[in-house]
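[1] heads up, no residue letters with this:
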């Protein structure tokens, strides 16, 4: 009886190969079930038997898994790993996938750190504002920090006024105009100049688009726009724009002989 159950020369039991590779018997059973590595033979007593070639295959599986490959990827690649160039090609693709994941994680980490700063500056816990900040961070909206200063009515207006696509379009136009205004400021272009007045007109048009023509929102926007945030580098751009455009707006409205800011205050 024992003679019939002897392990043939050149074969290993599932326990032996598991011990050699530092994996569990259950893992080998799972790989067999998934079609990754099946026993090369079976003893007369029904024991699963593996060869040195199976050991090499198992080593490939363990190595690829440690590099982050999924079992599905391993199943696909194992067939073609016959030459060094085959292996190098597979590793190149995996390296590209890892770089992409690192980039995504870096972006997520940056967003978490930025959200944490905003949370600490807010006086109360407000998950709706947190969600708005996250959405704006994902939209690459550099003005996300202003959200903590908006009241609920203003935020409700923004949510109803813009979806993700229109919001991104608006911020793209706003940021391009901001860049244009900062360039004028750097060059020392006077507020009464035609170039500056054109920029003021575009800026006012964007404000009215943002408010959807509702002048009652102007005081809130003025209050938020006047917040001195220059101590934080990423927020100093807006203060530069505010300081530069303030006298330019006075000239702009004097020419119109109509000051909507004054009308609202009345």
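    Nice, I can see it. The structure displayed is predicted, hence computed values, not measured ones.

[2] what's the distance between residue 239 and residue 203?
    Residue 239 sits 15 Å away from residue 203, taking CB to CB, to the nearest Å as the criterion. To be clear about C-beta, it is placed using only N, CA and C from the backbone, and glycine gets the same treatment.

[3] More neighbours: which of these two?
    Comparing residue 239 with residue 203 by neighbour count (other CB atoms under 10 Å), the higher total belongs to residue 203, at 20 against 17.

[4] pretty sure the more buried one belongs to a helix, no?
    Yes. Secondary structure of residue 203 (DSSP: H, G, I helix; E, B strand; the rest coil): part of a helix.

[5] Quick check, it in contact with residue 181.
    Yes. Judged on CB atoms under 8 Å, residue 203 makes contact with residue 181 at a distance of 7.1 Å.

[6] who touches both of the two?
    residue 245 (CB atoms under 8 Å, 6 or more residues apart in numbering).

[7] Least confident secondary structure element in this structure?
    helix 260-265 (a mean of 53; mean pLDDT, DSSP states H and E).

[8] What is the end-to-end distance of stretch 9-18?
    18 Å (CA to CA, to the nearest Å).

[9] Mean confidence (pLDDT) on that stretch, please.
    The average pLDDT for stretch 9-18 rounds to 90.

[10] For that stretch, buried residues please.
    Residues 11, 12, 13, 14, 17, 18 are the ones in stretch 9-18 that count as buried (16 or more other CB atoms under 10 Å).

[11] Distance check, the last one against residue 56.
    When you say that, I think you mean residue 18. 15 Å.

[12] swap in the second one?
    Computed as CB to CB, the residue 12 to residue 56 distance reads 12 Å.

[13] Next: the fifth one.
    Distance of residue 17 to residue 56, given as CB to CB: 11 Å.

[14] do the same with the first one
    Note on residue 11: its distance to residue 56, by CB to CB, is 15 Å.

[15] In the longest helix along the chain, which of the residues would be classed as buried?
    Of all segments of type helix in the chain, defined using DSSP state H, the longest is helix 84-121. Residues 87, 90, 94, 111, 114, 118 are the ones in helix 84-121 that count as buried (16+ other CB under 10 Å).

[16] which one of those residues is nearest residue 155?
    residue 118 (13.8 Å; CB to CB).

[17] pretty sure that closest one contacts residue 133?
    Yes. The pair residue 118 / residue 133 is scored as a contact, 5.4 Å apart, by CB under 8 Å.
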